[in-house]
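[1] give me the fold of what follows.
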Amino acid sequence: MAAKKQQQGIDKPKKRKQNPDGKTEPGGSASKKPKLLSSNSQGNISKKPSKPFVKQERKSNETKKPQSGEETKVRLSKREGRIKAKEMAEARKKKRKKHYTLEQELASLWEKMRQRNIAKDERSKIITEALGKMKGKIPEIASSHVSSRVLQTCVKHCSHDERQAIFEELKPHFLTFSNNAYAVHLVLKMLEHASKKQLAECISTLRGHVATLLRHSVGSIVVEQAYKLANASQKQELLMELYSPELQLFKDLASIKESRFVDVISKLKLPKGSVLRHMASVIQPILEKGIIDHSILHRLLIEYLSIAPKTSAAEILQQLSGLPLVRMMHTKDGSRIVIACIKHGSAKERKKIVKGMKDNIEKIPHDHFGSLVLTCIVSTIDDTKLVTKIIIRKLQALLKDLLLDKSGRRPLLQLLHPNCSRYFSPDDMASLNFSLPALSAVNELEANQETESLKDEKSEKQNIKEDEMAGANESTDPENLQSTVGGKKDALLRRQELLVHSGLAENLIDTCIENAGEFLKSNFGKEVLYEVAIGGYDGILHPSMDEKLNTLHEAIASLAAKSKSEESDNEHVLENFHSNRTIRKLILESASFASTFWLKALKGNSRLWAQGHSSRVLCAYLESSDPNVKELAKEELQTLIDGGILKLPENQPSAK
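    Residues are numbered from 1 along each chain as shown. The predicted structure follows:
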């Protein structure tokens, strides 16, 4: 057996012994592997870092193993891990319970402090108690949808010192809270009740972040609130960083006194191209996100459009026409932008704008600036069928409310008497005549080129008598034309299509007949009734509505024919401040009304109305420029004058 093993050992090939020095043994074959290092001349050989190095590395690894072993010793067992996790869960539960308990306590206090019939001193005590519980926890509480409401109520009713303490704790987190859906309400409440110093500090905190916040649906509300509450210089400070990067970086540049943007650029010698690029980079992301409700953005757009070249201005207006412009009409600058879109837009864009108002027609006329947009539409857009279908039909269903509303009546007054200074202030007229310098010249050129074709269209569409045609031709003189840009149809023809042919005029007269007494005594309704009763400017309601107008005149006269005893509960129309002045104007302007009113209300009863406010109505017959009207009342009124009962105004001749 031993011999067999020996023989196997002889037959088995010997394993080649590696030489760490890289030399071949005498008589042995040379190694097939190349030498890694060569020996030097002195016989000092660099050792091959193969196995010794590997062994050393293994040793180092082995030395590290105990460290990993130590980590495994720290690692918890399954049982210990379960215990640790349970402890952490209990700690979190305890923390939540504590927070929930605080929320419950605050909610209980909130129910007491927000009552309307609570005494001021008692409320102050409750607020002080609530603030004591919230002290040092405001950053955490402000982001809670429950506790933040308590804090908002405290800010509203607390003392100045308590509000200052809240402000100091809130100030470091002002920008963070401005982007939080719950905390933003606390920020808005702080801005609303902030002192001048606190408001200035808040606006200073916003510096450099205005453009970023405006692109955020929540943060933009904070910027808008700060802008509304700011004074003129603070508003300019917020706007300046949106104009140019230089104005954003250097505060001294933003504190100049010039209010017009063109003057700012001129004084600071800012490169116009750089300013336009920066403003476009600010505006474009905001418009893409549809955040167009805020007045600060409307101001920015107005300034941009005032200096933008034709191509850039047209692109912005085209982009805005695709947005719901109803959300921009509630501000002065926003309404002017919508008016610019209407005037300078194409027929397709105007159609899109009008259709976008379809669901809000009931609300738009009651808004001061929204009514100006409707006034612009009825004065500019030539597609009268579209305007009648979407706007006029809706207005017809709301006529009484609109006629008694200060703003709601203005689109109707524009159709009855365009651009009358009695109904539109200079600022309103500036808005109606607003146009962009870069685009108005183009529109004027197009309008001049199509003048001849429009005259032919007018002669074809007007189906009225020859004498009316003559009056219409007189009213289309250049001096009487509206100064709006964009409308190419004749102004009188557009008014007739919207007012008479649509049936609006008939509904107006019927509404005035039904509510004549209320409108006469109303500060706003009397003016619409007056314009309707005289037949509108240029007699637009004559002769097609003459029969209806005579019915209206008789309705007014029948009110005046009532005796004072019948109107014992209410003031008589001849003695009311508003109504007697309206009737006097009607007598001076309309001969048909003066005749009806005298025969039905005053003839034989003039002695009863010769004193007080009603005497103005009698004197109007003597002041009339129509000789037929004077002749009606001459005999009866002269008797009253001679008897000293009726006194004429100074510098007024008698009836003789």
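
[2] which one is Thr375 nearest to, not counting chain neighbours?
    Distances taken as C-beta to C-beta, 6 or more residues apart in numbering put Gln414 closest to Thr375, at 4.6 Å, once the chain neighbours are dropped. In short, each C-beta sits where N, CA and C put it, glycine included.

[3] now do the same contact list for the one you found.
    By C-beta atoms under 8 Å, 6 or more residues apart in numbering, Gln414 lies in contact with 375, 378-379, 423.

[4] so which strand or helix has the spatially closest residue to Arg616 that is not a sequence neighbour?
    Excluding the flanking residues, the one nearest Arg616 by C-beta to C-beta, 6+ apart is Arg584, at 5.1 Å. In the assignment (DSSP states H and E), Arg584 maps to helix 577-589.

[5] against which helices or strands is that helix packed?
    helix 516-520, helix 525-533, helix 546-561, helix 591-597, helix 615-623 (3 or more C-beta pairs under 8 Å, 6 or more residues apart in numbering; DSSP states H and E).

[6] what is the neighbour count of Val629?
    A count of neighbours around Val629, defined by other C-beta atoms under 10 Å, yields 23.

[7] find the centremost residue of this structure, please.
    Among the residues of the chain, the one closest to the centroid is Asp293, at 3.5 Å (C-alpha atoms, centre = their mean).

[8] in this structure it contacts Val326, no?
    No - assessed by C-beta atoms under 8 Å, Asp293 is found out of contact with Val326, at 10.1 Å.

[9] identify the contacts common to those two.
    By C-beta under 8 Å, 6+ apart, no residue touches both Asp293 and Val326.

[10] ok so, going back, after the one helix or strand the residue nearest to Thr375 maps to, next one along is what?
    If you go by DSSP H and E, Gln414 is part of helix 410-416. As assigned by DSSP H and E, the chain's next helix or strand after helix 410-416 is helix 426-432.

[11] what are the contacting residues of stretch 300-317?
    Residues contacting stretch 300-317 (C-beta under 8 Å, 6+ apart): 239, 242-243, 261-262, 265, 272, 275-276, 279-280, 282-283, 287, 333, 336-337, 340-341, 344-345, 349, 436-439, 442.

[12] filter the residues you listed to the buried ones?
    Those of the contacts of stretch 300-317 that meet the buried threshold are 239, 242-243, 261, 265, 275-276, 279, 282-283, 287, 333, 336-337, 340-341, 344-345, 349, 436, 438-439, by 16 or more other C-beta atoms under 10 Å.

[13] so which of those residues are in strands?
    Judged by DSSP state E, strands contain none of the buried ones among the contacts of stretch 300-317.

[14] just say which of the helices and strands packed on helix 577-589 is most tucked in.
    Compared across the helices and strands packed on helix 577-589, helix 525-533 shows the largest average neighbour count, a mean of 24 (mean count of other C-beta atoms under 10 Å).

[15] for that helix, packing partners?
    helix 399-403, helix 410-416, helix 504-514, helix 516-520, helix 546-561, helix 577-589.

[16] try 7 Å
    Packing contacts for helix 525-533, counted by 3 or more C-beta pairs under 7 Å, 6 or more residues apart in numbering; DSSP states H and E, involve helix 410-416, helix 504-514, helix 516-520, helix 546-561, helix 577-589.

[17] mean pLDDT for those helices - can I get that in JSON lines?
    Conversion of these to JSON lines gives the following (pLDDT from 0 to 100):
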{"stretch": "helix 410-416", "mean pLDDT": "96"}
{"stretch": "helix 504-514", "mean pLDDT": "96"}
{"stretch": "helix 516-520", "mean pLDDT": "94"}
{"stretch": "helix 546-561", "mean pLDDT": "94"}
{"stretch": "helix 577-589", "mean pLDDT": "94"}
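
[18] right, so of those, which gets closest to Pro172?
    Between Pro172 and the helices and strands packed on helix 525-533, the tightest spacing by C-beta to C-beta is seen for helix 410-416, at 49.0 Å.

[19] list the buried ones in that closest one?
    Buried, per 16+ other C-beta under 10 Å, within helix 410-416: 410-416.

[20] same thing with stretch 228-242?
    Using 16+ other C-beta under 10 Å as the test for burial, stretch 228-242 gives 229-230, 234-242.

[21] tell me the pLDDT of the closest residue in space to Ala181 that isn't next to it in sequence.
    In space, and not counting its chain neighbours, Ala181 is closest to Val218: 5.9 Å by C-beta to C-beta, 6+ apart. With respect to pLDDT, Val218 scores 94.

[22] burial count for Val218?
    With other C-beta under 10 Å as criterion, Val218 counts 17.

[23] relative to Val223, how far out is Arg82?
    51 Å (C-beta to C-beta, to the nearest Å).

[24] C-terminal to the lowest-mean-pLDDT helix or strand in the chain, what's the next element?
    Of all helical and strand segments in the chain, the minimum by mean pLDDT, DSSP states H and E falls on helix 466-475, at a mean of 37. Where DSSP H and E defines the elements, the next helix or strand beyond helix 466-475 is helix 491-495.

[25] then that following helix to PDB, C-alphas only?
    The C-alpha coordinates for helix 491-495 follow below in PDB (Å, rounded to 0.1, in the frame of the first residue of the first chain):
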ATOM      1  CA  ALA A 491     -71.200 103.800 -35.500                       C
ATOM      2  CA  LEU A 492     -74.800 104.700 -36.100                       C
ATOM      3  CA  LEU A 493     -75.500 101.500 -38.000                       C
ATOM      4  CA  ARG A 494     -73.900  99.400 -35.200                       C
ATOM      5  CA  ARG A 495     -76.000 101.200 -32.600                       C
END
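
[26] just to revisit the earlier point, can you pull the phi/psi pair for the residue nearest to the centre of the chain?
    phi -80, psi -20 (degrees, to the nearest 10).

[27] and the pLDDT at the residue nearest to it when sequence neighbours are not counted?
    Distances taken as C-beta to C-beta, 6+ apart place Arg327 nearest to Asp293, at 5.0 Å, with adjacent residues excluded. Arg327 is assigned a predicted lDDT (pLDDT) of 92.
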